[in-house]
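just need the structure, nothing else, for what follows:
(4 chains)
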4 protein chains.
Amino acid sequence: MCRWLAYSGGPVSLDDLLFKPENSLVVQSKHSRLGATTINGDGFGVGWYGEPETPGVYRSTEPAWNDRNLRELSAHARSSRVFAHIRASTGTPVQQTNCHPFRHGSWLWMHNGFLAEFSRIKRDLVLAVDPDLFPLIEGSSDSEVLFFLALTFGLAEDPPAAVARAVGFVEETGRRHGIEYPVQMTVATTDGTASWAFRYSSEGRSRSLFHSTDVATLRLHYPDNEVLDALSDDARLVVSEPLGNLQGAWHEVPESTCLVVRGGHEELISFAPAAP
Amino acid sequence: MCRWLAYSGGPVSLDDLLFKPENSLVVQSKHSRLGATTINGDGFGVGWYGEPETPGVYRSTEPAWNDRNLRELSAHARSSRVFAHIRASTGTPVQQTNCHPFRHGSWLWMHNGFLAEFSRIKRDLVLAVDPDLFPLIEGSSDSEVLFFLALTFGLAEDPPAAVARAVGFVEETGRRHGIEYPVQMTVATTDGTASWAFRYSSEGRSRSLFHSTDVATLRLHYPDNEVLDALSDDARLVVSEPLGNLQGAWHEVPESTCLVVRGGHEELISFAPAAP
Amino acid sequence: MCRWLAYSGGPVSLDDLLFKPENSLVVQSKHSRLGATTINGDGFGVGWYGEPETPGVYRSTEPAWNDRNLRELSAHARSSRVFAHIRASTGTPVQQTNCHPFRHGSWLWMHNGFLAEFSRIKRDLVLAVDPDLFPLIEGSSDSEVLFFLALTFGLAEDPPAAVARAVGFVEETGRRHGIEYPVQMTVATTDGTASWAFRYSSEGRSRSLFHSTDVATLRLHYPDNEVLDALSDDARLVVSEPLGNLQGAWHEVPESTCLVVRGGHEELISFAPAAP
Amino acid sequence: MCRWLAYSGGPVSLDDLLFKPENSLVVQSKHSRLGATTINGDGFGVGWYGEPETPGVYRSTEPAWNDRNLRELSAHARSSRVFAHIRASTGTPVQQTNCHPFRHGSWLWMHNGFLAEFSRIKRDLVLAVDPDLFPLIEGSSDSEVLFFLALTFGLAEDPPAAVARAVGFVEETGRRHGIEYPVQMTVATTDGTASWAFRYSSEGRSRSLFHSTDVATLRLHYPDNEVLDALSDDARLVVSEPLGNLQGAWHEVPESTCLVVRGGHEELISFAPAAP
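Numbers count the residues shown, from 1 in each chain, chains lettered A, B, ... in the order given. Alright, predicted model coming up:
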């Protein structure tokens, strides 16, 4: 449905993340290897943190492979925290306000997957969004509503708990409408200091998700690899699919798991929906 | 804020409506004479009826003056009922789903004006929309929500009554939130057989609205006018501002009035908000 | 590289050509079966003839599968002569002025393929364009330059001869620059009364091209086929790849051939480049 | 026709240049005070220098006032040399490749004005472009051709001389075609280390052009001005029209003049077309 990438570590050029890898996100926009669809050409977005507290977000409805401005931005922007997403719409319009990542204050959010039969449950879901947040919903996608539910349920205080409650609420609502498997998701979110990635689906058959191995260890195995040389020790990537074929560089995130990345430290914690 | 045009009568080229008049809608997109803003460059849309029951809708986020495809379409499409709108956003994003006219089945709707402090009342308004219609709201504009309220309150059965109830509901909601003048509008709507145009504002200072005079009478006064020659006797235009300077060709629609155009017949009826 | 379709016959809805067939051009934009690339997402265009002598041309840089306005236009426009093209850029920018079909007066032109190493020979080619036509070149693609060469060499008088001279000139120029196989093309052109389709490549390995069989004969074989029922006897399609799997419905156009379609009559004539 | 801004000095946020000034370039895109047109809504572009030798260029066909990505980029990019341009087309298509600034290697170029009756002389002009540079012309505008003529005539070696020869060549060509006043221009160009701004027209009635006064001097007069406080001593702006009303902050660049800005030093030199 979509593909995404979440980077944290020493400052890198966006170019190094989005264009240069063998199976870069821009390559995946035309030829995804593991995605539910091979083409992810319904817009894209990049969020990056810099000096201002609010991250920058560049979103476009063009296919990523055609966007000249993305190349320009990527060649000039450096950041120590980057979220990037290529979209394959599951039905909602191709417009900037439906492109990921979504932003609220210093938070970013992106999603691969869908809320099943979204149009049937949309009303119930948006009604549960905090009325103060409600007018800030700009687009019409399921992914953005899921973000606002997470915000409503306390994303800023306890991300895993808030996402668990948001997912729990969607599942409860969906099942009330007779929807068997309401949630399919890999989600990444960040406040600019840590990142949380979730792999979950009601059905237990979630979209692919991988995280990179400790860079220092990798360097020991590949002393001549220039890419690894350029990365800081705390550099970490979480991706829908590996950016290349380097043996041992990628670990699959297990089903029903939340991966927390804080500096160079990762933690895998079990994830299960919670009653809202 | 915006400018619009509603035509009904014998089949005409869209070109004759959108490009050829001296003060055409495309001219108004750059230099509106009577608008709240001189530029209406935040997208545009055209709806036209043809053989299929559902009208066609062409909407674009480009300024109308730059859109080459609009010129092409206009040169080739002929229709006996055309709605056209140029947008000056009052804050919501410039995207196709916020461009007018909005469509539901065989109905079209377009709006010049705004719902004051929309973000404060948006949640209450969309909650009042028929839950079956709710998922069909595609954009994020106040104008589309007003359309869906009118649909909810019976637009298909009795347009003036439904709009009166929709406006009444917005005013009641707005005043509950301490908004003095919740509604500013000229609105046009049609089901493909008749058109209804409304001029109303809570404040009693509504945007400009005009309708054309009986063509047969005009022809008597201007026997050599080629434009008039080409129009059918039942041709009628309702416009935000006159398309030219022909003396006697335009009548102002009074404040708090609904103009009904059915074939070559017009009826002006008093309009007042009603309790929903 | 690209895919295209040329229809002539009784008036049909654009919808019937572009969206409804099993392997429609819009389907091909995401999943071409026989193309050099499976994705043709770098813009598209439709040209159609109606009442005005000049055909309408709707061109967009969006992928065809995402363009809502194309759906609207297709549902409402009917035409007895339609050219449609989906683009996979071979390097020149994705912009409307590089989208096919190109137009000059009542002529349309579309091309699948490329002029090899175009940037090395572009200057020599455009210098050969009639100086009166030169300023009318709007885009930067090889396909448009080939069109203007054909116009220069007499397209309006004798299309096969003019295209032969244009191709001959490109080959001569290319070879002078040491380019082994300068031309790869299937081309369609029309003046609104007849259509000419060319299949040629310097290498003798041209892109696929097919034309439809006589409709009356097909109807005899498939008396219950509703699509065939709706077509006029003189309906003819020339396509980069078949729009469906109906046995016997499609003939391959041979290498180095020009297919002339005039009303319900087809003629296959041998095509070879000529000295300009 | 267009408006532009050239900044050099200590690193500043693009935001401070493009959005924050009272009469910022984005404000001018809707309401230019001194321009030949009040609206400059036919696309825009920003070029900025950073770590890579090649400057970044962000160009869009949307009106600058509507482009969300420009806001995002501006909030996050800082640069010590920025070129920005808002376009009012004089006829050539609104497409990215016609948006300024144009780039070649480390050079940027932007232009306000026009080459009169460009379509009549375009062929002669592009024929004079160095054949090695010719294929790099991407768009169809007069401004880009003028850039490539300047490059051909030695822009990289001696900018004022090269521009003088380019202008001389256009005037000679234009007059051969009976065009009375072939050139109307204010032009800015830079190689990343110095900037050259030209004000010239064949008619002697050139578009407006201003440069900022020495910042240190201004600070003495306005000790409490926060904007001035934030600027480095060598900060310099060259603009189509002043960005605000601060008395003494702006000097008009005289007719037929080249302004050279190198660090905090300016030099005004007389400019006259030269024989190519």
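
who in chain A is up against chain B?
Taking CB under 8 Å from any CB of the partner chain as the measure of proximity, chain A contacts chain B at A:93, A:95-97, A:118-120, A:122-123, A:126-127, A:131, A:134-135, A:137-140. (C-beta placed from N, C-alpha, C; glycine too.)

sec struct for A:Q184, please.
Using DSSP: H, G, I helix; E, B strand; the rest coil, the secondary structure recorded for A:Q184 is strand.

contacts only, for it.
Shown in contact with A:Q184 (CB atoms under 8 Å, 6 or more residues apart in numbering or on different chains): A:M1, A:G113, A:F114, A:L115, A:A116, A:S201, A:S202, A:E203, A:S206, A:R207.

which bits of the stretch 51-200 of chain A sit near chain C?
Residues of the stretch 51-200 of chain A lying close to chain C by CB under 8 Å from any CB are A:T61, A:E62, A:P63, A:N66, A:R68, A:S89, A:P93, A:V94.

go again with 10 Å.
With CB under 10 Å from any CB of the partner chain as the criterion, the stretch 51-200 of chain A meets chain C at residues A:T61, A:E62, A:P63, A:W65, A:N66, A:D67, A:R68, A:S89, A:P93, A:V94.

phi and psi next, for the fourth one.
So that's A:W65. Summarising the backbone geometry of A:W65 under the convention degrees, to the nearest 10, its torsions are phi -70, psi -20.

how about the last one?
Geometry field for A:V94 lists phi and psi as phi -80, psi 100, criterion degrees, to the nearest 10.

for ChimeraX, write a command that selects the buried ones of the contacts of A:Q184.
Isolation of the buried members of these (16 or more other CB atoms under 10 Å in any protein chain shown) is achieved in ChimeraX through the command below:
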select /A:1,113,114,115,116,201,202,206,207
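
let's see which of the contacts of A:Q184 end up in strands.
Secondary-structure check on the contacts of A:Q184 using DSSP state E: residues within strands are A:G113, A:F114, A:L115, A:S201.

doesn't A:V12 fall inside a strand?
Yes: using three-state DSSP, the secondary structure at A:V12 is a strand.

ok, now how distant is it from A:E180?
42 Å (CB to CB, to the nearest Å).

those two: which is more packed in?
Using other CB atoms under 10 Å in any protein chain shown, the more surrounded residue of A:V12 and A:E180 is A:V12, with 20 against 10.

quick one: pLDDT of that one?
Among the per-residue scores, A:V12 shows a pLDDT of 93.

likewise for A:M1?
62.

hey, C-alpha coordinates of the helix or strand bottoming out on mean pLDDT in chain A in PDB?
The helix or strand with the lowest mean pLDDT-type score in chain A, counting by mean pLDDT, DSSP states H and E, is helix A:226-230 (a mean of 80). C-alpha atoms of helix A:226-230 as PDB (Å, rounded to 0.1, in the frame of the first residue of the first chain):
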ATOM      1  CA  GLU A 226      31.900   3.300   2.600                       C
ATOM      2  CA  VAL A 227      28.300   3.700   3.400                       C
ATOM      3  CA  LEU A 228      28.800   2.300   6.900                       C
ATOM      4  CA  ASP A 229      31.900   4.500   7.300                       C
ATOM      5  CA  ALA A 230      29.800   7.500   6.800                       C
END
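
thought A:A88 was touching A:R3?
Yes: under the contact definition of CB atoms under 10 Å, A:A88 touches A:R3, with a separation of 8.2 Å.

of the two, who's got more company?
Each of A:A88 and A:R3 had its neighbours counted (other CB under 10 Å), and the higher figure belongs to A:R3 (29 against 19).

quickly list what that one is bridged to.
Here A:R3 sits in beta bridges with A:I86, as judged by DSSP bridges.

and for the one 4 residues further on?
With beta bridges defined as DSSP bridges, A:Y7 has these partners: A:V82, A:L237.

quick one, helices of chain A?
With DSSP state H applied, chain A shows helices at A:14-18, A:25-31, A:68-76, A:118-127, A:142-152, A:159-176, A:215-221, A:226-230, listed in chain order.

winner for burial among those?
Sort the helices of chain A by mean neighbour count, taking mean count of other CB atoms under 10 Å in any protein chain shown, and helix A:142-152 sits at the top with a mean of 25.

tell me which other helices or strands it touches.
When contacts are defined as 3 or more CB pairs under 10 Å, 6 or more residues apart in numbering or on different chains; DSSP states H and E, helix A:142-152 sits against strand A:102-104, strand A:107-115, helix A:118-127, helix A:159-176, strand A:183-190.

please repeat the previous calculation with a cut-off of 6 Å.
Applying 3 or more CB pairs under 6 Å, 6 or more residues apart in numbering or on different chains; DSSP states H and E, one finds that helix A:142-152 contacts strand A:102-104, strand A:107-115, helix A:159-176.
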